[in-house]
Structure formats: structure tokens, C-alpha cells
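# Quick one, what's the 3D model for this:
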Amino acid sequence: MKPAWKQLTGLRLASVSLLLMAASIVKYEPWSELHAQRGYPDHPEAVRVAHNLYQSGKFANPFVTVATGYTAHVAPGFSTLVCWLFKVFGDHTAGGIALAWLPILALSLQIALLPALAPMFGYNPWTGVCAGAFALLTKPDLYDQWEAHEAGLLILVLAALVSCWANGSRASGVAWLTGILAGLTICFQPIMAPVFAVWLLLADRPLIRDRRAMPLWAIPILICAPWMLRNQLRLGTPWIRDDLGIELYVSFNDCAPYGFEQSQTQGCFGRFHPNQNLSEALALRSMGESRYNQERLRRAFVWMTRHPGHTAALVAKRTLAFWFPTNDRWPEYLRIRKRRLFFFWALTLASFGGALWSLKRRIPGGPILLTLLALFPLVYYVVQFDHRYRYPILWVTWLEAAYFCVILTERARAALSSADRYRHRVGR
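A predicted model of the protein is given here:
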């Protein structure tokens, strides 16, 4: 029987989770917002749509330059959540403070859940505790104007439920809960739709014939279909979110650097994006959002075919930056300390080792996590880099890095034990 300090179940597990959550909240000092005279940030598109939804009931007008009408530029989940916050707290100081608290609570819940959810992937709860400690040391930036941490919380719980289902749980309640959460997650982060589809294939179940598995794929369709129908009728596009044309147009042109912050500093972003360029916004309103996206997508592809070497270099830089970000943040006060940045790079390298060891040791949730790491970033290798793009899957880095440390600890103990036995035999 394991010593009591090694047993992390029940009350002990809950206590450790609460301590991790409290430590995360304290680290971000949310009470400092209580004295801030602030409203909601009016430049980010997702929050502007939320405020328009709050005021007029229309999911529209994402850009600060000019009203452009109904939109699919942002996904519905986060903007709807922020609209609800405005309805509860108003859109002035209280609403701004509530919005600032939202990512703190979402990230803190992620950290708190790691010890409890780690066994659902096949890891020891203490691996989850170590992952939570890595999260606290990393201290990601907060984005109250985007869905990064809220999406990360949903993806964490969804991945744990899918792993639970794929590795033996046949309870119908798990399938229903997984299906509902999958639909909500896709509404927050549509990139998760193909990831979830691959997860279902990895589950190795007769998904069509098995009635118990039907909620896994049927409920997400039922949740997402009304929004897709709305976009088709109002905008002429069936996609939950339709902004790829704009993003590629901004990301591939003669002045585009690899990252968003560099583009802002150089003034390139403002020349191409309708949120800062009035002529682009007027063109979008005149053409319609869907047609504008298609036209800008065409222009981006033309530029890419004419500059294959430059395109490959930009994609390579953005891929590298996604995993090993730089510290040239914009504006100045967002710069990351080099010591913290090097620690983040070390965690990333360790997480690669942990992911490989998970597959080698046949950890049940290993394929689920590796699929997430492989598929989720693909679109972000192409568009201009921003630090927040990785945040929804940052918990995978913490968890796999923690497992890599567990492996190293096991090997170190085994080596010390062998050395002790050798010295004992020699001493005889």
C-alpha cells in the first residue's frame, strides 16, 4: 500500500486543486481591477460583436472603422458569453471588470482541473499537480478580448471525456456530455471540428451502428447546424467562422512579417485589415463579407504562388514562433522576461519528450493529446503569429512536460537503486 502522502484521492485531491486555483487567482491579482475605471475594450472584433449583440440583438459590425452589417468574422461562442456578461453587469465599469476576470477564472479552472483529469488520460494525479505548478511558473498573458483561455478550458475537459470514452467508458451519460461539450467547444473554437472528428475515429467504435455512440456526433451537429444555417442564409457561407480570406490577405503580402505584433509596429497590418483600414472596411460592406473574404483569399493565393520562397520562409518562421515564441512583444509593457521565456522553451521541449514517451508506454490518452498537438496548430502555421493562438492547448504542454519529468525521476531513482545495490555487493 502506498504511503498516505502518495495517495491523492478524494478530499486530498480536491484540496490540492483548490490550492492550485487559489494560487493562480492570487498570481493574477484580479482585485486590482476593482479600482480600475474601465469599460469594455472596443477595438477587438469579438467584443465589438458582443456589444452590438447586447445593444441591438444583432450579431454584426465587428470592425471599429465602419458598420459592415451581419458577420461570421468571429465564432459565436465567446461573443455570446460576453454579451451575457454585459446583460448581467452592464457595459460600463462593472462589465469591463467582469470581462477582465473571465480569463483569470477560466485559466485558474484549467490549472485546478489538471490533477483531477490527469487520470482520465492515464497519468498519475501527481503528474497533474506538477503540470499545474508548471502553469503557475509559466504565467501566460491574459486576453479578455479573445476566447483563448475559455476555449482552453473547454478543450481540456472535452479531451478528457473523449479519452474516457475511447478507453472503455460505455456509459450513455459520458456520450451525451461529450457531445454537448463538443458542440459548445466548436462554437468557441471552430478549429476543433476536424480535431474532434479525428478523435471519434481514434475511438475505434462503430459510431453509426452503436446507439450509445450516437450523441457523440449527432449532438455537435444539432448544436452547430442552426448557426451554420444562419450564416448561409444571411451571408452566403456555411462556415461557423469565416475570416480566413482576411487573415491570409493580411499574412501574405509584400510587407507582411511573420507576426502580428511586428506587423503592427511596421504599420503593415493597418494597410490591409478592415479593422484599421477604412477603405478595406468600405469594400467589405459594399461586396458583402463572404464575397470579400473569397476575393481576399484569391489575392493571398496569387501572392503566395508568385513568391513561393518568401511564402515558405514566412510559414517556417510562424511554425517556429508557435512553439518557441520570441519576446519582442508589442506594446512595450507586454515584453516577456527572458528567464520566463527560456523556461517556456524548456517546457516545450520536455513536452515533446513526454508525448513520445506517452505513445511508447501506451498511455491511454496519448493518441488523443498527440492528435490535438498535431492538428490544432495547422492554420496558425500559416496566418500571422500571435502568442494567444497556442493558449487553448497550452495545458497539453504542461501535462506532457510534467510526464517527461516523471519519467526522468523514475529513471534517476532506478539508476540510484542500481548504484546502491552495486555498492552493497562490492562492500560484501
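
# Which residues does stretch 286-304 contact?
Applying Cβ atoms under 8 Å, 6 or more residues apart in numbering, the external contacts of stretch 286-304 come out as 68-73, 235-237, 242-246, 248-249, 251-254, 283-284, 311. In this view, the C-beta of every residue, glycine as well, is placed from N, C-alpha and C.

# Could you pick out the buried ones from those residues?
68, 70-73, 235, 237, 242-246, 248-249, 251-253, 283-284, 311 (16 or more other Cβ atoms under 10 Å).

# P125 is in contact with V406, correct?
No: when contacts are counted by Cβ atoms under 8 Å, V406 is not listed as touching P125 (11.4 Å).

# So between the two, which is more surrounded?
Of the pair V406 and P125, P125 is the one with more neighbours under other Cβ atoms under 10 Å, namely 21 against 17.

# what packs against the lengthiest helix in the chain?
The residue-count maximum for a helix in the chain (DSSP state H) belongs to helix 394-427. Identification of packing neighbours for helix 394-427 by 3 or more Cβ pairs under 8 Å, 6 or more residues apart in numbering; DSSP states H and E yields helix 93-121, helix 125-138, helix 148-166, helix 338-360, helix 366-375.

# can those helices go into TSV with extra columns for distance to A316 and mean pLDDT?
TSV is the format used below for the helices and strands packed on helix 394-427 (distance: least, Cβ to Cβ, whole Å; pLDDT from 0 to 100):
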stretch	distance to A316	mean pLDDT
helix 93-121	30	92
helix 125-138	25	93
helix 148-166	24	94
helix 338-360	17	89
helix 366-375	17	94
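
# and of those helices, who's closest to L399?
helix 125-138 (4.5 Å; Cβ to Cβ).

# Report the buried residues of the closest one.
P125, T127, G128, V129, C130, A131, G132, A133, F134, A135.

# same deal with stretch 218-231?
The neighbour-count check on stretch 218-231 (16+ other Cβ under 10 Å) flags I219, P220, I223, C224, W227, N231 as buried.

# Repeat that for stretch 309-329.
Neighbour counts over stretch 309-329 (16+ other Cβ under 10 Å) mark T311, L314, V315, K317, R318, T319, A321, F322, W323, P325, T326 as buried.

# OK, contacts around the fifth one?
Applying Cβ under 8 Å, 6+ apart to R318 gives the contacts Y258, G259, Y380, Y381, V382, V383, Q384, F385.

# so what's S263 closest to, chain neighbours aside?
F269 (4.1 Å; Cβ to Cβ, 6 or more residues apart in numbering).

# List the residues that contact the one you found.
Going by Cβ under 8 Å, 6+ apart, F269 touches V250, F260, S263, Q276, Q384.

# number of nearby residues for the fourth one?
The burial count assigned to Q276 is 18, neighbours taken as other Cβ under 10 Å.

# hang on, it in a strand?
No: using DSSP: H, G, I helix; E, B strand; the rest coil, the assignment for Q276 is coil, not a strand.

# Low-confidence regions, the protein specifically.
Low-confidence segments of the chain (pLDDT under 70): 1-9, 33-42, 169-172, 204-210, 328-338, 419-428.
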